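Asker: predicted model follows, preceded by the sequence.
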Amino acid sequence: MYKVVAVSTRVLFFFVACLLINTVANGQALTFEAKEIELGYMPEDTGNVVVDFKWSVSADSAVFIQEIDTHGGCSIVSYPKDTLRKGSNGKITVRVNPKNRPGPFVRKITLRTMPDSVTQDLYIKSYIEPSVKVWDQNTNETTYGVAVLSSDYIRVGQVPENTKLEKSIKIKNTGKETLRFVASKFKKPAYVTVKITPEKLLSGQEATVVFTLDFSTSGKLGSYTDMVELYAEGNSPKEIIVYLIGKILPVPVVSANKPVVQMLLKEADLKEVPSDKPVQGSLVIKNIGASPLVIRKVETSCSCLTLEAAAPVPAGESATLYFTLDPRGLSGAEEKKIILYTNAPDQPIITLLVKAVVGH
């Protein structure tokens with residue numbers, strides 16, 4: 001075991017060293033420079049560690065990352081949501097925090113690319129040295145250089161889509177130099193405004209960061225995670241990241257000529273299915289109202305379950321919803337959910353159940 005002198009230098013050293021290893025994926029749409037990044041020994045009170053998995057598109061046709069599973073725990077991930085073309089490159093950024101996780105540390109990140117439905121696993125490894133500080137188990141205090149945040153994420157909770165609200169955190173300057181926030185260099189979604197008071201912090205001073213969220217202009221619906229990147233001079237790193245996590249609920253539009261949902265079955269039982277290949281199923285949805293039924297958004301409880309895009313259902317007509325369950329990695333009795341967000345005021349959210357028994 002060796003003594004760690006400078007955490008930031010050591011983390012950068014291991015990060016760069018790991019990226020020099022080139023991993024070639026056979027038959028996979030994305031090729032990663034490294035699928036496993038070893039951070040070495042890391043004190044428990046290090047704070048956030050940001051790791052980039054760099055990729056390039058090796059497929060002949062366009063692909064997109066359908067979903068990334070961090071398997072719970074202390075990781076938050078950001079990745080491109082757009083279609084990725086042949087020859088393009090980019091990165092998947094993972095933020096981990098070793099706080100309250102002493103000893104051997106392994107974080108697995110699983111991504112699925114479409115339309116080939118291929119999964120790949122990425123790994124971050126370290127050994128977390130226990131801190132002598134007794135941490136308050138109920139706090140989310142996070143350190144970015146000399147800036148200490150009362151929390152690096154804000155749980156907005158479940159709110160209607162027309163909601164406008166404010167959330168706040170505290171930032172303290174623990175360094176000797178003045179900390180200056182540069183609002184012109186902040187990176188944030190358009191529906192978010194940020195105000196920091198005061199914008200200049202002397203050593204030991206504390207500022208309040210107020211986030212105003214206007215979801216009526218966001219176009220969001222369902223579960224989401226967004227990132228706000230603050231910028232502070234006199235701090236290393238200069239970027240300070242705060243995550244917004246929540247769920248946006250649809251607001252029913254009251255109308256005499258409204259769509260009305262009728263579903264004969266809200267459950268699809270696929271019975272026994274093989275474990276080595278995707279299977280398909282369907283459910284029927286009927287609009288017995290007086291105006292078109294629109295499925296505004298679809299969510300599933302697992303990246304293994306996907307639903308084909310559904311066109312608006314005219315008044316008085318029915319539509320078949322086709323879904324695909326990829327059982328690879330599943331075992332035994334499985335239950336997964338499909339959540340539909342609709343424009344029907346009486347049923348704005350519809351939860352469907354897909355059941356299967358996955359064989360060996």
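Answerer: Looks like it came in fine.
Asker: okay, CA-based contacts and neighbour counts for the rest of this
Answerer: Noted.
Asker: state the mean pLDDT of stretch 280-300.
Answerer: The pLDDT scores in stretch 280-300 average 93.
Asker: off-centre distance for it?
Answerer: Mean-position distance between stretch 280-300 and its chain equals 26 Å (Cα atoms, centre = their mean, to the nearest Å).
Asker: and it, how far apart are its ends?
Answerer: 15 Å (Cα to Cα, to the nearest Å).
Asker: list the buried residues of that stretch.
Answerer: 282-283, 285-289, 291-296, 298-300 (16 or more other Cα atoms under 10 Å).
Asker: for stretch 166-177, same thing?
Answerer: 169-175.
Asker: can you tell me which of the buried residues of stretch 280-300 is nearest V209?
Answerer: For the buried residues of stretch 280-300, the residue nearest V209 by Cα to Cα is E299; the value is 31.7 Å.
Asker: still on that earlier bit, which of the buried residues of stretch 280-300 sits closest to Y224?
Answerer: Of all the buried residues of stretch 280-300, E299 has the smallest distance to Y224: 10.7 Å, by Cα to Cα.
Asker: surely the closest one touches I349?
Answerer: No - counting by Cα atoms under 8 Å, I349 is not a contact partner of E299; they are 10.6 Å apart.
Asker: give me the common contacts of these two.
Answerer: The contact sets of E299 and I349 overlap at 339-340 (Cα atoms under 8 Å, 6 or more residues apart in numbering).
Asker: quick check, nearest of the buried residues of stretch 166-177 to Y322?
Answerer: I169 (43.8 Å).
Asker: the closest one bridge partners, please.
Answerer: Judged by DSSP bridges, the bridge partners of I169 are V209.
Asker: what's the separation between the nearest residue to V261 once chain neighbours are set aside and L39?
Answerer: Excluding its sequence neighbours, the residue lying closest to V261 (Cα to Cα, 6 or more residues apart in numbering) is N287, at 5.0 Å. Here N287 is placed at a distance of 55 Å from L39 (Cα to Cα).
Asker: swap in S117?
Answerer: Using Cα to Cα, S117 is found at 30 Å from L39.
Asker: between the two, who's got more neighbours?
Answerer: Taking other Cα atoms under 10 Å, S117 and L39 do not tie; L39 has more neighbours (23 against 17).
Asker: what does stretch 220-239 contact?
Answerer: If you take Cα under 8 Å, 6+ apart as the criterion, stretch 220-239 is touched by 144-147, 161, 177-183, 185-189, 240-250, 297, 299, 341.
Asker: may I have that stretch as PDB, with CA atoms only?
Answerer: Backbone C-alpha positions of stretch 220-239 (Å, rounded to 0.1, in the frame of the first residue of the first chain) are rendered in PDB as follows:
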ATOM      1  CA  LYS A 220     -40.700  17.200 -20.200                       C
ATOM      2  CA  LEU A 221     -42.900  14.300 -19.100                       C
ATOM      3  CA  GLY A 222     -42.300  11.300 -16.900                       C
ATOM      4  CA  SER A 223     -39.000  10.500 -15.100                       C
ATOM      5  CA  TYR A 224     -35.900  12.700 -15.800                       C
ATOM      6  CA  THR A 225     -32.400  13.500 -14.700                       C
ATOM      7  CA  ASP A 226     -30.900  16.800 -15.800                       C
ATOM      8  CA  MET A 227     -27.500  18.400 -15.100                       C
ATOM      9  CA  VAL A 228     -26.700  22.000 -14.200                       C
ATOM     10  CA  GLU A 229     -23.000  22.900 -14.500                       C
ATOM     11  CA  LEU A 230     -21.900  26.000 -12.400                       C
ATOM     12  CA  TYR A 231     -18.600  27.700 -13.100                       C
ATOM     13  CA  ALA A 232     -16.400  29.100 -10.300                       C
ATOM     14  CA  GLU A 233     -13.100  30.900 -10.600                       C
ATOM     15  CA  GLY A 234     -10.700  30.400  -7.700                       C
ATOM     16  CA  ASN A 235     -11.700  26.700  -7.600                       C
ATOM     17  CA  SER A 236     -10.300  23.500  -9.000                       C
ATOM     18  CA  PRO A 237     -12.100  22.000 -10.800                       C
ATOM     19  CA  LYS A 238     -13.900  25.100 -12.000                       C
ATOM     20  CA  GLU A 239     -17.100  23.200 -13.000                       C
END
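Asker: V106: how many residues sit nearby?
Answerer: For V106, the neighbour count with other Cα under 10 Å is 12.
Asker: check which helix or strand it maps to.
Answerer: Using DSSP states H and E, the element containing V106 is strand 103-114.
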